[in-house]
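Engineer: Everything below, folded, please.
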Amino acid sequence: MVDDEEAPLARDSNSLVAAALRDMAAAQDSAQKAWGYKRAAAAVLDLEVPIESLRQSDGSMRKVAHIGPSSTRIILEILDHGRSAIVEAAVAASGRESDVATRHDYRQHFLSRAEVLRALRNPRLGGPRLDQCRGDFHMHSTWSDGADSVAAMAEGCRARGHAYCAITDHSYGLAIARGVSMADLARQHDEIQALNLAAAGHFHIFKGIEANLRADGLVDMTPEELARLDIVVASPHSALRKADDQTERMVRAVTQPGVHILGHPRGRMYGSRPGVTADWPQVFAAAARSEVAIEIDGDPSRQDVDHTLAVYAVAAGCLFTLDSDAHGVDQLAYAETAVAHARLAWVPPDRVVNTWPVEQVRAWAERR
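Structural biologist: Model prediction:
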């Protein structure tokens with residue numbers, strides 16, 4: 001018999017409980033109560049153990065920060081019956097059933113922290129191991145909307161055992177994220193060059209950008225500007241709630257010279273938007289031909305692409321990057337969520353760019 005620790009992905013009880021608490025939040029007229037249920041849902045998703053393991057011998061729950069008595073009653077109902085009559089009654093009384101049902105679709109195939117850890121330590125999964133990853137290709141610094149300096153982000157990566165990283169602040173076309181101007185980018189490159197000289201032979205920082213993918217599939221930078229960069233992550237930040245097919249947009253993105261990575265390809269967000277609709281096998285086939293990597297973005301609110309979609313990219317022969325999309329040193333661990341999805345999709349480790357030595361990364365980047 002296979003024990004639960006080694007079993008394939010099964011019921012993610014923490015995700016189920018968190019979804020019910022988010023439904024309860026949506027049913028509230030009080031903003032304060034809605035916030036409380038959302039906070040409880042977030043606490044459940046962040047747990048490193050299955051929620052049922054916190055149940056005590058008398059049937060009660062151990063105390064967990066940010067989970068109050070009303071949320072605990074809902075949790076116990078779900079553990080006992082697989083559903084919550086309290087939540088169902090509240091949603092029905094609110095008249096928001098349609099909105100709640102829609103948001104269910106926007107929470108599909110997200111992993112809780114407990115499920116991420118289970119996937120990382122499951123020896124029966126065939127994807128990359130965490131210790132095989134040598135770097136991270138998507139993160140932000142104080143040059144755009146990040147909280148920490150380039151030096152701090154690089155040091156955070158070194159502390160995680162990495163040999164390299166790419167600093168990919170937002171391009172100037174995304175003003176809402178304080179996109180970096182070309183003049184500031186030149187100054188950032190001077191800073192990166194100095195850091196690379198100081199760490200020569202021990203750590204390398206790639207000069208990168210997260211370019212904004214326009215509606216026409218082109219990025220918001222000129223070919224001459226792209227040529228100044230080592231790594232270009234092209235990411236959609238618009239048209240993320242449209243039901244229209246955007247296959248042409250995404251194919252154009254991955255066939256564009258100078259682009260290395262298709263970042264968070266759908267642009268989905270947990271519970272709030274579905275992201276881009278496209279014929280993804282067609283997009284992945286185009287990416288494979290171009291040697292453009294498909295990103296698995298590990299930000300817990302993104303998890304994009306997830307393991308159920310990544311299997312199609314595996315079948316197409318795609319390269320992958322497994323990235324944190326960190327906006328601070330404390331978020332670099334988000335890459336673990338990306339690795340978990342890659343393991344569940346059985347992504348071949350040799351097709352994960354993060355597992356390559358720095359010389360191989362350079363050669364691939366130069367081909368693009």
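Engineer: looking at it, His66 is touching Ala42, isn't it?
Structural biologist: Yes. If you go by C-beta atoms under 8 Å, His66 and Ala42 touch, sitting 7.3 Å apart. Any C-beta I mention is one placed from the backbone N, CA and C, and that applies to glycine too.
Engineer: give me phi/psi at the residue nearest to Tyr172 when sequence neighbours are not counted?
Structural biologist: Excluding the flanking residues, the one nearest Tyr172 by C-beta to C-beta, 6 or more residues apart in numbering is Gly179, at 4.4 Å. Main-chain torsions, Gly179, degrees, to the nearest 10: phi -50, psi 140.
Engineer: I'd say Glu248 and Val254 touch.
Structural biologist: No. Using C-beta under 8 Å, Glu248 makes no contact with Val254, being 11.5 Å away.
Engineer: next structured bit after the helix or strand bottoming out on mean pLDDT in the chain?
Structural biologist: In the chain, the helix or strand scored least confidently by mean pLDDT, DSSP states H and E is helix 97-105, which has a mean of 93. Later in the chain than helix 97-105, the nearest helix or strand by DSSP states H and E is helix 113-121.
Engineer: What are the contacting residues of that following helix?
Structural biologist: By C-beta atoms under 8 Å, 6 or more residues apart in numbering, the surrounding residues in contact with helix 113-121 are 5, 9, 12, 14-15, 45-51, 111, 125, 129-130, 300, 336-337, 339-341, 343-344.
Engineer: Just the ones of those residues in helices?
Structural biologist: Of the contacts of helix 113-121, the ones assigned to helices by DSSP state H are Asn14, Ser15, Leu45, Asp46, Glu336, Thr337, Val339, Ala340, His341, Arg343, Leu344.
Engineer: With distance to Ala199, neighbour count and pLDDT as new columns, can those be given to me in CSV?
Structural biologist: Below are these laid out as CSV (distance: C-beta to C-beta, whole Å; neighbours: other C-beta atoms under 10 Å; pLDDT from 0 to 100):
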residue, distance to Ala199, neighbour count, pLDDT
Asn14, 39, 24, 97
Ser15, 40, 22, 96
Leu45, 36, 24, 98
Asp46, 33, 16, 97
Glu336, 24, 19, 98
Thr337, 27, 29, 98
Val339, 24, 25, 98
Ala340, 29, 29, 98
His341, 30, 28, 98
Arg343, 30, 25, 98
Leu344, 34, 25, 98
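Engineer: any idea which of those residues is closest to Asp58?
Structural biologist: Minimum distance to Asp58 across the ones in helices among the contacts of helix 113-121 is 21.9 Å, recorded for Asn14 (C-beta to C-beta).
Engineer: For the spatially closest residue to the closest one that is not a sequence neighbour, which residues are in contact?
Structural biologist: Nearest non-adjacent residue to Asn14, counting by C-beta to C-beta, 6+ apart: Ser112, 3.7 Å away. Neighbouring residues of Ser112 by C-beta under 8 Å, 6+ apart: Asp12, Asn14, Ser15, Ala18, Val44, Leu45, Leu47.
Engineer: Mind putting those into JSON lines with distance to Arg107?
Structural biologist: Shown next, in JSON lines, are the contacts of Ser112 (distance: C-beta to C-beta, whole Å):
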{"residue": "Asp12", "distance to Arg107": "11"}
{"residue": "Asn14", "distance to Arg107": "12"}
{"residue": "Ser15", "distance to Arg107": "8"}
{"residue": "Ala18", "distance to Arg107": "8"}
{"residue": "Val44", "distance to Arg107": "13"}
{"residue": "Leu45", "distance to Arg107": "10"}
{"residue": "Leu47", "distance to Arg107": "17"}
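Engineer: what ranges do the helices span in the stretch 251-368 of the chain?
Structural biologist: 280-290, 307-316, 335-344, 358-367 (DSSP state H, counting those that start in this stretch).
Engineer: looking at those, which is buried most?
Structural biologist: Counting by mean count of other C-beta atoms under 10 Å, helix 335-344 has the highest mean neighbour count of the helices of the stretch 251-368 of the chain, with a mean of 27.
Engineer: Now do that one: everything it contacts.
Structural biologist: 9, 111, 115-117, 119-120, 122, 125-130, 133, 136, 295-300, 303, 305-307, 310, 320, 322-324, 326, 352.
Engineer: Now which of those residues would you call buried?
Structural biologist: 9, 111, 115-117, 119-120, 122, 125, 127-128, 133, 136, 295-300, 303, 305-307, 310, 320, 322-324, 326, 352 (16 or more other C-beta atoms under 10 Å).
Engineer: Okay, and which of the residues you listed map to strands?
Structural biologist: Using DSSP state E, the subset of these located in strands is Asp136, Glu295, Ile296, Asp297, Phe320, Leu322, Asp323.
Engineer: Need the nearest residue in space to Trp346, chain neighbours excluded.
Structural biologist: Leaving aside its chain neighbours, Trp346 sits nearest to Gly126 (4.5 Å; criterion: C-beta to C-beta, 6+ apart).
Engineer: Now do that neighbour against Val347, distance only.
Structural biologist: Distance, Gly126 to Val347, using C-beta to C-beta, to the nearest Å: 9 Å.
Engineer: re earlier: show me the residues around the residue nearest to Tyr172 that make contact.
Structural biologist: Gly179 sits in contact with Ser144, Asp169, His170, Ser171, Tyr172, Gly173, Asn212, where contact means C-beta under 8 Å, 6+ apart.
Engineer: these two touch, right, the third one and Val180?
Structural biologist: Yes. Using C-beta under 8 Å, His170 is in contact with Val180, at 6.6 Å.
Engineer: Helix 358-367 and the strand ranked longest in the chain, what's the angle between them?
Structural biologist: Counting by DSSP E, the longest strand found in the chain is strand 204-213. Per axes from the mean of the first three to the mean of the last three C-alpha atoms, to 10 degrees, the angle that strand 204-213 makes with helix 358-367 is 30 degrees.
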